[in-house]
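Enquirer: Structure, please.
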Amino acid sequence: MNILKTLVCTGLLSISAYSQSYLVQNNGVLLSINETGSVFDLNQFVKTYEIIFKGKSFLINKEKNLTVITKDGFVINKGDKLIPAKTKITGGSFILSDKNEISIVRNDGMVFTYDKIEEIKKLEAIHAGGNFLVLQGKKSQETMILTIDTENGFYTLLNKSTLDSLKIDIAKIKTIGGNYFITNDGVVYTVSSTGIVSSKESMGLVLKTTKVGGNFFVDSENVLRVVMSNGYLLIPYIPSAMGKVKSVGYNYFTNDQDELFTVVDKISEAELNSPDAAVFDGALKKIINAYDVNFDARNINIFSF
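Expert: Sure thing, here's the model as predicted:
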């Protein structure tokens, strides 16, 4: 049984969770990016040389101070009480200690820490995504994928039987994103914000990627695909002046002109499922947005992921 050990509240009550992240410039200025892709400068500064771990929505410095970025773009320093003495591995929204305690950074800034997870004690973490962790044991039946529900702060363990039902062979996992992974035979699997894993094989195979972001990737045909928080896989409309993707963060990228673009994954299902083609087209046009403030992406020191 899982034991909830620690619950730290930020005072933010909303539990809707979508992608949000940050970037840190060379001068230490932290820019937060909220769930709708808006960029904020809230006069937050980071000593870049002190950062030892980073996720999609958190930073940890050498003093073990945890800083989180909420879905609304707020930046909150949580202090040094929530970080394990020894960190085993970090994902986009979680921290796993050497004692198999897991701390989940929910997208509203709340942090949940669970006591030792006995089921994974003897397993090796071989892949860490934004909201999932792939685990392998000495025996094939010990294989598991741990998924994170960033809306509620829970985790779920998918055992070998469940993975078989989803046709997931962890030995075939080749590409790791934030909320998706791709196998070497080209099948894309998405992981929703509630931790639901689903195959997108029916939407075609992706045998090669050239850029891998948190909630998006670019394939060998230079097609940019976005994974929405509900697990939808979409090909958005691309702004005519976007150019080629150069560097990637969790939900943003820079192009070959060193301009910044954000990638939105919060669009209502009513729009995405609308029978009106104009409504659906309008939704696809909202996904990629240029950051229109004078900005030189060459000044980015730390990308979130």
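Enquirer: For the helix or strand that residue 253 is a member of, C-alpha coordinates in CSV please.
Expert: Using DSSP states H and E, residue 253 sits within strand 252-255. Backbone C-alpha positions of strand 252-255 (Å, rounded to 0.1, in the frame of the first residue of the first chain) are rendered in CSV as follows:
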residue,chain,number,x,y,z
TYR,A,252,9.0,25.7,-26.3
PHE,A,253,11.7,25.8,-29.0
THR,A,254,14.0,28.2,-30.8
ASN,A,255,14.3,28.4,-34.5
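Enquirer: Outside of it itself, list whatever touches it.
Expert: When contacts are defined by C-beta atoms under 8 Å, 6 or more residues apart in numbering, strand 252-255 is touched by residues 21, 23, 33, 37, 211, 213, 216, 242-248, 260-263, 291, 297, 300. The C-beta positions use only the backbone N, C-alpha and C, and glycine is treated the same way.
Enquirer: Only the buried subset of these, as a PyMOL command please.
Expert: Buried subset of the contacts of strand 252-255, written as a PyMOL selection, criterion 16 or more other C-beta atoms under 10 Å:
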select buried, resi 21+23+33+37+211+213+216+242+245+247+248+260+261+262+263+291+297+300
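Enquirer: Okay, now the unreliable bits of this structure?
Expert: Within the chain, the set of residues satisfying pLDDT under 70 comprises 1-19, 81.
Enquirer: residues in contact with the residue lying closest to residue 143 once chain neighbours are set aside?
Expert: Leaving aside its chain neighbours, residue 143 sits nearest to residue 160 (4.9 Å; criterion: C-beta to C-beta, 6 or more residues apart in numbering). Residue 160 sits next to 140-144 when contact means C-beta under 8 Å, 6+ apart.
Enquirer: from those residues, which single one is nearest residue 48?
Expert: Using C-beta to C-beta, residue 144 is the member of the contacts of residue 160 that lies nearest residue 48, at 35.2 Å.
Enquirer: I'd guessed the closest one sits against residue 156; true?
Expert: No - taking contacts as C-beta atoms under 8 Å, residue 144 lies outside contact range of residue 156: 10.0 Å.
Enquirer: who has more neighbours, the two?
Expert: For residue 144 versus residue 156, neighbours defined as other C-beta atoms under 10 Å are more numerous around residue 144 (21 against 15).
Enquirer: ok, and what's touching the longest helix along the chain?
Expert: Assignment by DSSP state H gives helix 277-285 as the longest helix of the chain. With contact meaning C-beta under 8 Å, 6+ apart, helix 277-285 is reached by 234-237, 267-268, 271-272, 274.
Enquirer: Check stretch 48-57 too.
Expert: With C-beta under 8 Å, 6+ apart, stretch 48-57 has contacts from 19-22, 24, 26, 28, 59-63, 68-70, 87, 90-95, 105, 107, 130, 178, 214, 250-251, 301-302, 304-305.
Enquirer: ok, and the most crowded of the contacts of helix 277-285?
Expert: Ranking the contacts of helix 277-285 using other C-beta under 10 Å puts residue 267 first, with 22 neighbours.
Enquirer: which SS class is that one?
Expert: Here residue 267 is recorded as coil under DSSP: H, G, I helix; E, B strand; the rest coil.
Enquirer: roughly how far apart are it and residue 145?
Expert: Applying C-beta to C-beta, to the nearest Å, the value for residue 267 to residue 145 is 27 Å.
Enquirer: for residue 116, same thing?
Expert: When residue 116 is compared with residue 145 (using C-beta to C-beta), they lie 19 Å apart.
Enquirer: Now do residue 270: how many residues are near it, please.
Expert: By other C-beta under 10 Å, 9 other residues sit near residue 270.
Enquirer: One more: residue 186?
Expert: 16.
Enquirer: Then it would be within a helix, right?
Expert: No - checked against three-state DSSP, residue 186 lies outside a helix; its state is coil.
Enquirer: So it is in contact with residue 207, correct?
Expert: Yes - contact status for residue 186 versus residue 207: in contact at 4.4 Å, counting by C-beta under 8 Å.
Enquirer: What does residue 142 show for phi and psi?
Expert: Residue 142 adopts backbone torsions of phi -90, psi 0, taken as degrees, to the nearest 10.
Enquirer: how about it, what does it touch?
Expert: 122-123, 135-136, 160.
Enquirer: Just the ones in strands from those, please.
Expert: Mapping these onto strands (DSSP state E) picks out 135-136.
Enquirer: Take the contacts of residue 142 and write them to TSV, including distance to residue 99.
Expert: Listed next are the contacts of residue 142 as TSV, based on distance: C-beta to C-beta, whole Å:
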residue	distance to residue 99
122	13
123	14
135	15
136	19
160	24
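Enquirer: Could you identify the buried members of the contacts of residue 142?
Expert: The neighbour-count test (16+ other C-beta under 10 Å) marks 123, 135-136, 160 as buried among the contacts of residue 142.
Enquirer: mind putting the residues you listed in TSV, distance to residue 79 included?
Expert: Listed next are the buried ones among the contacts of residue 142 as TSV, based on distance: C-beta to C-beta, whole Å:
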residue	distance to residue 79
123	31
135	30
136	34
160	39
